[in-house]
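> predicted model and sequence follow; I will ask about them next.
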Amino acid sequence: CFRELWLQWQSGGELSSFAAPAHVDSMRRMRLLIASMLLASIRAFRAPPSPFLRRTTALFAAKGKAKGKNRKVKEETPEHERSVAGAINWYPGHIARAERELRDYLKRVDVVIEARDARIGATTAHPDVSEWIGARPRVVVFTFADLAPANVVRDWKEELSRDVPVFFVDAKRGGAKALQGIRNELTKAGRVVNEKRAKKGIMPRAARVAVIGYPNVGKSALINKLAGRKAAKSENKAGVTRSLNWVRSKPSTQGKGLPFELLDSPGIIPAKQLNQRMAARLAICGDIGDASYDTRLVAEALVEELTTRRDERYARDGGASLLSKYGVDPDVFAPDVYVDELADLRYEGDAGTAAMAILTDFRAGRLGKVALEGPKAPQRAAPEPPADAPKPKPVVVTNEDATRPLSDEEREMAERRDAGDWVGW
C-alpha cells in the first residue's frame, strides 16, 4: 500500500483518491492514513508559500522584534526601578472611564482632597494631579497613618506643609483632631466660594469637594468619616468603587457653615506602570487589583524591601520583625528561598499560603510600623564586616612609608576596604 501510494504521489496524483483494498485490516488503514498525512505535508512544504503564509510569517517576525525591544527596555531599566515581583500593570476599563469623567467633574468642584497611603506616599501620588486641579485649593490626606512610623509622618509634613495643608488619619478608625482640621479647611474653601457668590447676588451653597487617589487608599472610608454617616461603600480591596457618586454630609451640630457635597471616585492610577518597583509596592500594600500580580513574587519583593533594600529611617526593624513573627531569619535566606522555608516550617510546604500570610500580616500592621519609602532619598545600612573577617593589623607609618607611593596591590586593598568588601580585603 505504501509503495503504491508513493508512486501515485510522485506522479502528482491526488492522495485522497487512493483507496486501500477491502482486505486490509484497520491497523494498516491507520498506517496508510498517517503516511498520507506525512506525504501531504512534504508536498505543502516543498510548494512556494501562499500570500497568507507570507503575511502570517511577517506578523510573527514583527511581534518577535517588539518582544526584543521590550526586553531591551527592561534591561535598560535603572536598578532602583526594578523589582523581583515581575511585570505588574493594572488598568481596568472602569478606571479609564472614571478618569475621563473625573476630569470634567473637577472643573465644577471647589476643593480637592488627595488621599495617599502613608506607607508609600510617593508611589500613591498621581503624576497628573497638579494638571487636573489647576489653581483650586488642595488638601493632602495620608491614610493608614497608624501603620507608618513617626519618622515618615514628620518628613512628609515638613516636605508638603509649606505648599498645601497636610493631615494624617487612619481612615478606618478616624482621628478626631485630624478630621476636624480637614473639615475646617473645607469650610474655609466653601466660605471663599460663597463670598464670591454673595457679591454677585447668588444664594450660598454647600462646598463641593472631590476626593481622589489611588485604589484602596481609604477614600470611601474617609468620606464616611467626613460625612458623619456610612454613605459610601468601603471594603479592604481595590476596585470596590466603580463610578462617581455624590455624598452629602450631615449639617454641623454647632450650626456653623453648610454641609459638604463630597464626590466619591474610583481609584485613579496611571495607564502604564513604568516604575516596576513602585508597582510592586502598590501590590504589597494592596492598592492594586490582586489579579494583576503573582502573590508569591510580591511576597518575595516585600521580604527584599524589609531586608536588603530597606530604608534605615522607615524600616529599620523590618528583618527583625520577620524573624520574630515567623522564626525564619531573612538575613540567612534569599527572598525566594525565605518563602519556601516559611512554607516548610508552618504551612506544610504550601508556598502560596506562606506568601499570602506575609502580605496579610504586613497590611494589617503585624510586622510593625513600616514605611517602604518617604519624601527623602533612601538611607541604606552600612555594610557590616562578617564575624570571621580577619582583623586588620596595626600599621606603623614611618617617614619613608608616608612619602612612598602605594603599589597596585596596596591601592586595590585600600579601595576594597573603603567599599566595605571585607572578604576581598
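Nice, I can see it.
> which residue ranges of this protein form strands?
111-117, 138-143, 166-168, 208-213, 245-248, 261-264 (DSSP state E).
> helices or strands up against the fifth one?
Pointing back at strand 245-248 there. Contacts defined by 3 or more CB pairs under 8 Å, 6 or more residues apart in numbering; DSSP states H and E place strand 245-248 against helix 219-227, strand 261-264. Quick note: C-beta positions are derived from backbone N, CA and C, even for glycine.
> same check, this time on the second one
Taking 3+ CB pairs under 8 Å, 6+ apart as the contact definition, the neighbouring helices and strands of strand 138-143 are strand 111-117, helix 150-160, strand 166-168, helix 176-199, helix 219-227.
> same thing but 10 Å
Here strand 138-143 touches strand 111-117, helix 129-133, helix 150-160, strand 166-168, helix 176-199, strand 208-213, helix 219-227, going by 3 or more CB pairs under 10 Å, 6 or more residues apart in numbering; DSSP states H and E.
> and what of the first one?
In terms of contact count using 3+ CB pairs under 10 Å, 6+ apart, strand 111-117 is assigned the packing partners helix 129-133, strand 138-143, strand 166-168, helix 176-199, strand 208-213, helix 219-227, strand 261-264.
> got TSV for those, with mean neighbour count and distance to residue 110 too?
Below are the helices and strands packed on strand 111-117 laid out as TSV (neighbours: other CB atoms under 10 Å; distance: least, CB to CB, whole Å):
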stretch	mean neighbour count	distance to residue 110
helix 129-133	14	11
strand 138-143	24	11
strand 166-168	21	18
helix 176-199	15	5
strand 208-213	24	5
helix 219-227	25	14
strand 261-264	23	9
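> hang on, the earlier thing: quick one: closest of the strands of the chain to residue 221.
Minimum separation from residue 221 across the strands of the chain (CB to CB) falls at strand 138-143, 7.7 Å.
> okay, the angle between the closest one and strand 111-117?
Angle, strand 138-143 to strand 111-117, by axes from the mean of the first three to the mean of the last three CA atoms, to 10 degrees: 30 degrees.
> CA-only coordinates of strand 138-143, as CSV, when you get a sec.
Only the C-alpha atoms of strand 138-143 are listed here, as CSV (Å, rounded to 0.1, in the frame of the first residue of the first chain):
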residue,chain,number,x,y,z
ARG,A,138,-5.9,71.1,47.5
VAL,A,139,-5.7,69.2,50.8
VAL,A,140,-3.4,66.1,51.1
VAL,A,141,-4.5,63.4,53.5
PHE,A,142,-2.3,60.5,54.3
THR,A,143,-4.3,57.4,55.3
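> on that earlier part again, now distance to residue 349 and mean pLDDT too, for the helices and strands packed on strand 138-143, in JSON lines please.
As requested, the helices and strands packed on strand 138-143 are exported to JSON lines (distance: least, CB to CB, whole Å; pLDDT from 0 to 100):
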{"stretch": "strand 111-117", "distance to residue 349": "33", "mean pLDDT": "92"}
{"stretch": "helix 129-133", "distance to residue 349": "45", "mean pLDDT": "87"}
{"stretch": "helix 150-160", "distance to residue 349": "37", "mean pLDDT": "92"}
{"stretch": "strand 166-168", "distance to residue 349": "41", "mean pLDDT": "94"}
{"stretch": "helix 176-199", "distance to residue 349": "45", "mean pLDDT": "87"}
{"stretch": "strand 208-213", "distance to residue 349": "39", "mean pLDDT": "89"}
{"stretch": "helix 219-227", "distance to residue 349": "37", "mean pLDDT": "85"}
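> helices and strands of the chain: which one bottoms out on pLDDT?
Every helix and strand of the chain was ranked by mean pLDDT, DSSP states H and E. The lowest is helix 51-76, at a mean of 48.
> ok, back up a step: can I get the helices and strands packed on strand 245-248 in CSV with distance to residue 296?
Below are the helices and strands packed on strand 245-248 laid out as CSV (distance: least, CB to CB, whole Å):
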stretch, distance to residue 296
helix 219-227, 29
strand 261-264, 34
